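Asks: what follows is a predicted protein model with its sequence.
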Amino acid sequence: MSWEENVRRVVPYVPGEQPKQKGIIKLNTNENPYPPAPGVERRLKEIDYSALRLYPDTDAGVLAEELAAYYNLKPSQIFVGVGSDDVISMAFLTFFHSDKPVLFPDITYSFYDVWADLYRIPYKLCPLDGDFRIKTEDYRQENGGIIFPNPNAPTGVLESVDMVEEILKANPEVVVIVDEAYIDFGGESCLPLLSRYENLLVVQTFSKSRSMAGMRIGFAMGNEKLIRYLNDVKFSFNSYTMNLPAQLLGAEAVRDKDYFVKTCGKIMETREWVKGELRKLGFHFPDSQANFLFAAHKTMSGKEIFAALRERGIYVRHWDKPRIKDYLRITIGTREEMDKLLEALTEIVTK
Ligand SMILES: *Cc1c(COP(=O)(O)O)cnc(C)c1O
């Protein structure tokens, strides 16, 4: 027997590429093209450097309080983590502890099956319909928990709060996690359901709508009991996760609602314009309510377009997987970046 038989082997999640070269138009990881709120820069410069000597607040109190005020909740209903990847990973470990399979869509955030495999949680994929929509009847079977993003990734398809409620009504015996990483780009959050469903956990992130992917801030909202269970697991794993600057700067970002609304609005406006331009070029896509489009061309393969864009220094995301291999997930950047993308695509598809 070799020591290797005792290794916990996993097939890791593959994040989008972070290119080292300059001048790349980076539309492959759904980052926000605008900088964080101006107050964040000011606060960054004022951070008391000697305070870094100390361990940070394990509850990220300043940040939790700011988020609680913003979303009209109690600080004890907020769980903060190092990106929502950290939050969702802890939620898998905490709430998906059953022999029955956890349910999520077949086309979805590709980290879910990785966490399930990592923690040895059984899971079952529920195929989206032909329009990439969730079939609620799939979520009426026996299960050990449910998770899906809304809007979904990488499709951008938004489901209604009523649909989320239908799934909650049918599943009072498990925790239902709604990953709202992209909800701020025109979707309606299911947060109002929190007061009526104690098994609902809503997860959001600063990485997309709040322009702070590099700071690594994510959070979950739920009833106090749910958050307590999550904290018990977190404190059994690593109590000092979020560093002091992230706590202070995250809180600062939440204070500037105007900037947040304005930048999300600009991205939505650019998205709607790009939709029209892409259609003219022969692309089709589900109607995204996120900061990206999931587009396929009527004649050219996804792989071909992906490679041709890459050659021109434009990075988008492509998965060589059944059902979606002809689609490209294109992040909405600035108007100028999208102009360059459309110029390149025009060349590529009309050559
Ligand atoms: C980007 C993303 C996340 C994770 O983002 P963090 O940077 O870890 O906060 C989670 N879920 C979905 C669906 C995402 O697209």
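Replies: Yep, that arrived.

Asks: Three-state assignment for residue 67, please.
Replies: helix (DSSP: H, G, I helix; E, B strand; the rest coil).

Asks: gap between it and the ligand?
Replies: Residue 67 sits 14 Å away from the ligand, going by CB to the nearest ligand atom, to the nearest Å. C-beta coordinates here come from the backbone N, C-alpha and C atoms, glycine included.

Asks: now do residue 39
Replies: Distance from residue 39 to the ligand, by CB to the nearest ligand atom: 21 Å.

Asks: so what's that residue up against?
Replies: Residues in contact with residue 39 (CB atoms under 8 Å, 6 or more residues apart in numbering) are 252, 253, 255, 256.

Asks: buried among those? Need that as a selection in ChimeraX.
Replies: In ChimeraX, this line selects whichever of those come out buried by 16 or more other CB atoms under 10 Å:
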select :252,253,256
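
Asks: name the surrounding residues that touch stretch 41-52.
Replies: For stretch 41-52, contacts defined as CB under 8 Å, 6+ apart pick out 35, 244, 245, 248, 249, 252.

Asks: okay, which residue is most central for this protein?
Replies: Closest residue to the average C-alpha location of the chain: residue 181 at 3.5 Å, with CA atoms, centre = their mean.

Asks: residue contacts, the residue lying closest to it once chain neighbours are set aside?
Replies: Distances taken as CB to CB, 6 or more residues apart in numbering place residue 205 nearest to residue 181, at 5.1 Å, with adjacent residues excluded. By CB under 8 Å, 6+ apart, the contact list for residue 205 reads 83, 84, 181, 217, 218, 219.

Asks: from the residues you listed, which two are the most distant?
Replies: 181 and 217 (12.2 Å; CB to CB).

Asks: what is in contact with these two at once?
Replies: 205, 207.

Asks: and the stretch 151-300 of the chain, which of its residues are near the ligand?
Replies: Contact residues (CB under 6 Å from any ligand atom) of the stretch 151-300 of the chain with the ligand: 153, 179, 181, 205, 207, 213, 218.

Asks: hmm, the second one is touching residue 89, no?
Replies: What it means is residue 179. No. Taking CB atoms under 8 Å as the definition, residue 179 is not a contact partner of residue 89, at 11.9 Å.

Asks: these two: which is more packed in?
Replies: residue 179 (29 against 20; other CB atoms under 10 Å).

Asks: what are the phi and psi values for that one?
Replies: phi -90, psi 100 (degrees, to the nearest 10).

Asks: how about it, nearest residue that isn't a chain neighbour?
Replies: residue 149 (4.0 Å).

Asks: again with residue 342
Replies: Nearest residue to residue 342, sequence neighbours excluded (CB to CB, 6+ apart): residue 277, at 5.2 Å.

Asks: next, whichever residue of the stretch 251-351 of the chain sits closest to the ligand: secondary structure please.
Replies: In the stretch 251-351 of the chain, the residue that lies nearest the ligand is residue 290 (8.3 Å; CB to the nearest ligand atom). With three-state DSSP as the basis, residue 290 sits in coil.

Asks: going forward, count from 31.
Replies: Renumbered: residue one is now 31, and that last one reads residue 320.

Asks: I'd assumed residue 180 was in contact with it.
Replies: No. Checked against CB under 8 Å, the pair residue 320 and residue 180 is beyond contact range at 9.8 Å.

Asks: overlap in contacts of these two?
Replies: Joint contacts of residue 320 and residue 180 (CB under 8 Å, 6+ apart) are 188, 217.

Asks: between those two, who's got more neighbours?
Replies: residue 320 (32 against 26).

Asks: I'd like the distance between the more buried one and residue 96.
Replies: Relative to residue 96, residue 320 is positioned 24 Å away (CB to CB, to the nearest Å).

Asks: kindly report the same for residue 309.
Replies: Taking CB to CB, one finds residue 309 at 40 Å from residue 96.

Asks: pick out whichever of these two has more residues nearby.
Replies: Shown here are residue 309 and residue 96; by other CB under 10 Å, residue 96 has more neighbours (20 against 12).

Asks: give me the pLDDT for residue 46.
Replies: Per-residue pLDDT puts residue 46 at 85.

Asks: the strands in this structure, which residues?
Replies: In the chain, the segments counted as strands under DSSP state E are 55-56, 108-111, 132-135, 153-156, 175-179, 206-209, 230-235, 248-251, 313-314, 322-327, 344-345, 347-348, 357-361.

Asks: these into TSV, with extra columns for mean pLDDT?
Replies: Converted to TSV, those look like this (pLDDT from 0 to 100):
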stretch	mean pLDDT
strand 55-56	97
strand 108-111	98
strand 132-135	98
strand 153-156	98
strand 175-179	98
strand 206-209	98
strand 230-235	98
strand 248-251	98
strand 313-314	98
strand 322-327	98
strand 344-345	97
strand 347-348	96
strand 357-361	98
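
Asks: re the thing from before, in helices, which of the contacts of residue 69 appear?
Replies: The helices, defined by DSSP state H, take in 282, 283, 285 from those.

Asks: excluding its backbone neighbours, what's nearest residue 164?
Replies: Nearest residue to residue 164 in three dimensions, chain neighbours excluded: residue 189, at 5.7 Å (CB to CB, 6+ apart).

Asks: okay then, goodbye and thanks.
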